[in-house]
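Trainee: Kindly generate the corresponding structure for this input.
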Amino acid sequence: MGNKLKFGIVGTGNIFKAAHLKPLLEHPEVEIVALCDINGERAQGLADAHGIKHVYTDYREMLDACELDAVDICTPNLYHSEVAIAALSKGLHVFCEKPDAVNPDEARRMADAAEAGGKTLMVMRNNRFTPASKFLKRYIEEGQMGEVYTGRCGWVRRRGIPGKGGWFTTKELSGGGPLIDLGVHMIDLTIWLMGNPKPVAVTGATYTKFANDEISDSVHSSFGEKQEDGTFDVEDLAIGFIRFDNGASLQIEFSWASNIGEEKNFVELRGTKSGSAMANGQLEIYSETAGQLTNVTPVLKGGNPDAHGENLRHFIDVLQKRAEPIFLPEQGVDMIKILDAIYTSAATGREVRLAD
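Mentor: Coordinates of the predicted model:
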């Protein structure tokens, strides 16, 4: 593979424009060869603005016509696995926006396709790349937290439903509400910090109480395209409890809308030597020193980096053989198993055991 990696993009909506376009355009080892979107006018406008040669409205035509090294997928969730498997089957590497897929079977098919073709499949896990996350990962790996045996994580909004009536709130296209939209971020981060234990059992509940509420106080509600008479058949709040094979456990809560003080994303961990709380990127460590309880706030370097960009640059480093992948497809399969089990538990009122 030469120094210039030829990328084809599938999906040129808000998340691509906000988080993927700039890092790829600015990377000296990347050439965006083609854009594909069912909205051809949107894709053409971006192509004209940035000198991108080819535009398609059918990703299959792009895969057949263009000489590519990798595909970046930014479509609605339903199409992640379909496009990824097609690209992997063509011998291409794949980077995909989260979530990995809308159900465990599709996530498994993606992982199997990557393994069969010997290609890299990476799904966006940008929260692993923040200064607080990287510090805490090293802190835990150095043994300073001791045994990390339980935790809490979540992302809760007061009013922040994205693209109401559009694909975000249409279960067929999205796979679910805030659990699959936000849960991937914080559940993945927490499990990664805990050393990637295998989930074995899940309990959950979901609620839809704000489908008719029009108030918004979150910048994140601007994602997606609203439709006045569209569909809202997903939850707006999900809670749950996950057990792991090493005896550890995790409480979760995710909402697009609920009556709380303010929006917050958080990860809290309890260890035998110390605990930690990370909220909206700020980190505190709780321990005891010299016979006293201590609260420590690390002085983190890096400010407020472009974590999405760092994740994409890491993918490129992996393709160029400069790094080992921080994310493995099997972790994505486990993630979608967890989310699917929470929805099943919510529907049945019972704990769901996860098969190997």
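Trainee: was I right about Arg158 contacting Leu237?
Mentor: No. Arg158 is not in contact with Leu237 according to C-beta atoms under 8 Å; the separation is 11.6 Å. For glycine as for every other residue, the C-beta is placed from the backbone atoms N, C-alpha and C.
Trainee: tell me the contacts of Gly332?
Mentor: Residues near Gly332 by C-beta atoms under 8 Å, 6 or more residues apart in numbering: 100-101, 107, 110-111, 121, 123.
Trainee: Helix or strand: which one has it?
Mentor: Using DSSP states H and E, Gly332 maps to helix 329-348.
Trainee: ok, now Gly91?
Mentor: For Gly91, there is no helix or strand it lies in under DSSP H and E.
Trainee: residues in contact with the closest residue in space to it that isn't next to it in sequence?
Mentor: Spatial nearest neighbour of Gly91, chain neighbours left out: Gly117 (6.0 Å); criterion: C-beta to C-beta, 6 or more residues apart in numbering. Applying C-beta under 8 Å, 6+ apart to Gly117 gives the contacts 88-89, 91.
Trainee: What's the separation between Gly117 and Ala257?
Mentor: With distances defined as C-beta to C-beta, to the nearest Å, the gap from Gly117 to Ala257 amounts to 41 Å.
Trainee: Then Pro199?
Mentor: Between Pro199 and Ala257 the computed distance is 27 Å (C-beta to C-beta).
Trainee: Comparing those two, which residue is more hemmed in?
Mentor: The residue with more neighbours, out of Pro199 and Ala257, is Ala257; 27 against 20, by other C-beta atoms under 10 Å.
Trainee: For the residue lying closest to that one once chain neighbours are set aside, list the residues it contacts.
Mentor: Excluding the flanking residues, the one nearest Ala257 by C-beta to C-beta, 6+ apart is Phe210, at 3.7 Å. Contact analysis of Phe210 by C-beta under 8 Å, 6+ apart lists 159, 161, 236, 256-258.
Trainee: what's the helix or strand for Phe210?
Mentor: Element membership of Phe210 [criterion: DSSP H and E] is none; it lies in no helix or strand.
Trainee: Can you pull the phi and psi angles for it?
Mentor: The phi/psi pair for Phe210 (degrees, to the nearest 10) reads phi -130, psi 20.
Trainee: Among the contacts of Phe210, which one sits closest to Pro178?
Mentor: Trp256 (4.6 Å; C-beta to C-beta).
Trainee: Do I have it right that that closest one meets Pro178?
Mentor: Yes. With contact defined as C-beta under 8 Å, Trp256 counts as touching Pro178 (4.6 Å).
Trainee: More neighbours: the two, which one.
Mentor: A side-by-side neighbour count of Trp256 and Pro178, using other C-beta under 10 Å, places Trp256 first with 32 against 27.
Trainee: Sketch out the helices for the stretch 251-356 of the chain, chain order is fine.
Mentor: 307-319, 329-348 (DSSP state H, counting those that start in this stretch).
Trainee: picking that back up, among the contacts of Gly332, name the ones in strands.
Mentor: Cross-referencing the contacts of Gly332 against strands under DSSP state E gives 121, 123.
Trainee: My guess is Ile161 contacts Val234. True?
Mentor: No. Ile161 lies out of contact with Val234 (C-beta under 8 Å); the separation is 9.6 Å.
Trainee: which residues do the two both contact?
Mentor: Counting by C-beta under 8 Å, 6+ apart, the residues touching both Ile161 and Val234 are 168-169.
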